[in-house]
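# how would this look folded up:
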Amino acid sequence: FFGALHFIVSISNFLLCGLPNLCCFHFYVDRLPKNKVDDYRLTSPHCPNKGIIVRMQNGKEFCVNPDQRWVKGITNFIDQKKMAELCRSDSKP
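Purely as a prediction, here's the structure:
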């Protein structure tokens, strides 16, 4: 009975919330060149592993560990780039 109830709750959550966000189960360990990174996004807090999905300019995506120093460098670089673009667009008449 409880197994069936858990299944129904899981299906209901799926139907109400739609497809789950992507999760990272393995991390790319080699450094990625930050000047080739187009954007990044965080994985869902419901994922078993905290991760960041980095999208390169060529469209390829990599799961990376947010605790790595080089990954923090990439996210800071992209955040600063976005802020500069936002400031430029705000200053236009």
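# what bits of this protein have low per-residue confidence?
For the chain, residues meeting the criterion pLDDT under 70 lie at 1-21, 90-93.
# show me where it has its helices.
Assignment of helices within the chain using DSSP state H yields the ranges 2-17, 69-91.
# could you measure from Asp79 over to Cys63?
With the distance defined as CB to CB, to the nearest Å, Asp79 ends up 19 Å from Cys63. To be clear about C-beta, it is placed using only N, CA and C from the backbone, and glycine gets the same treatment.
# settle it for me: which of these two has more neighbours?
Counted by other CB atoms under 10 Å, Asp79 and Cys63 do not tie: Cys63 has more neighbours, with 17 against 11.
# residues touching the nearest residue to the more buried one once chain neighbours are set aside, list them.
The spatially closest residue to Cys63, leaving aside those adjacent along the chain, is Cys24, at 3.4 Å (CB to CB, 6 or more residues apart in numbering). The neighbourhood of Cys24, defined by CB atoms under 8 Å, 6 or more residues apart in numbering, consists of 43, 47, 49, 51-53, 63-64.
# need those residues in a markdown table (columns: distance to Leu86).
Below are the contacts of Cys24 laid out as a markdown table (distance: CB to CB, whole Å):
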| residue | distance to Leu86 |
| --- | --- |
| Thr43 | 24 |
| Cys47 | 28 |
| Asn49 | 30 |
| Gly51 | 26 |
| Ile52 | 21 |
| Ile53 | 22 |
| Cys63 | 27 |
| Val64 | 24 |
